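> coordinates only, sequence not included:
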């Protein structure tokens, strides 16, 4: 399983320690930024960088799902 902590040092060290609602806010904004970066710069990025961005997007989406489940409890 891809974990956001493996790709985002700020999330690992700080954001993950915050309440779920604040972490969710961060992840949602981060996801928007990553998707825009990939869309707007796709032709400029090499294959490895594109793959890393896709993995980060996937990890962020998984973390958003996890946080939404926590928030509902």
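Ah, there it is. Remember, it's a predicted structure, so these values are computed and weren't measured experimentally.
> Please count neighbours and contacts with C-alpha atoms only from this point.
Noted.
> distance of the residue most central in space within the chain from residue 43?
For the chain, the residue nearest the mean C-alpha position is residue 60 (2.6 Å; CA atoms, centre = their mean). Per CA to CA, to the nearest Å, residue 60 is found 23 Å from residue 43.
> in stretch 33-41, what's buried?
34, 38 (16 or more other CA atoms under 10 Å).
> Which strands and helices lie in contact with the strand or helix carrying residue 64?
Element membership for residue 64, per DSSP states H and E: helix 47-72. Helices and strands touching helix 47-72, by 3 or more CA pairs under 8 Å, 6 or more residues apart in numbering; DSSP states H and E, are helix 20-41.
> and the helix it packs on, what other elements does it pack with?
helix 47-72.
> one more time with 10 Å, if that's ok
helix 9-13, helix 47-72 (3 or more CA pairs under 10 Å, 6 or more residues apart in numbering; DSSP states H and E).
> got those as a markdown table, with mean pLDDT and distance to residue 21 columns?
Formatted as a markdown table, those follow (pLDDT from 0 to 100; distance: least, CA to CA, whole Å):
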| stretch | mean pLDDT | distance to residue 21 |
| --- | --- | --- |
| helix 9-13 | 96 | 14 |
| helix 47-72 | 95 | 7 |
